[in-house]
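S.K.: Have a look; sequence and predicted model below, questions after that.
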Amino acid sequence: MPSPNDPTDEPTDQYVTAFDPADGRPSEAIVTAVAARLERDPTELSPLYDAIDPGALNELVEHAHRKSTDSVHLVWFTYEGFAVGVRSDGRIQIEDATAAS
């Protein structure tokens, strides 16, 4: 039986998903994940480039993944009211931006 202070029993506002950094594009994975979190079609969201340069993000994650196998790099930005964290190992974390601050 979990203890009363067990954090796994507490509700969370985090959404975690992943993409394959070897052949996936983080920009596309982010839009898809945020749309899923909002239960909306990706085409209904504001353009990602309003929050971050998608091409630069893709290149940064690809480069970090290719060059550094012993560490993970992380980029955070705000998109559609969420704090979005993208790691070079393919993990994407989406949190309510007000809860993340």
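M.R.: Structure's in. What do you need?

S.K.: Pull out the buried residues from stretch 18-29.
M.R.: Using 16 or more other C-beta atoms under 10 Å as the test for burial, stretch 18-29 gives 19, 21, 24, 25, 26, 27, 29. All C-beta spots, glycine's among them, are computed from the backbone N, C-alpha and C.

S.K.: Sorry, wrong one. I was asking about stretch 62-69.
M.R.: Across stretch 62-69, burial judged by 16+ other C-beta under 10 Å covers 62, 64, 65.

S.K.: Next, the contact list for the last one, please.
M.R.: Applying C-beta atoms under 8 Å, 6 or more residues apart in numbering, one finds that residue 65 lies in contact with 21, 22, 88, 89, 90.

S.K.: Kindly reformat the buried residues of stretch 62-69 as CSV and extend each row with secondary structure.
M.R.: Below are these laid out as CSV (DSSP: H, G, I helix; E, B strand; the rest coil):
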residue, secondary structure
62, helix
64, helix
65, helix
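
S.K.: any idea which of the residues you listed is least confident?
M.R.: Lowest in pLDDT among the buried residues of stretch 62-69 is residue 65, which has 85.

S.K.: re earlier: distance to residue 58 and secondary structure for the contacts of residue 65 - can I get that in a markdown table?
M.R.: Converted to a markdown table, those look like this (distance: C-beta to C-beta, whole Å; DSSP: H, G, I helix; E, B strand; the rest coil):
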| residue | distance to residue 58 | secondary structure |
| --- | --- | --- |
| 21 | 10 | coil |
| 22 | 13 | coil |
| 88 | 12 | coil |
| 89 | 15 | coil |
| 90 | 13 | coil |
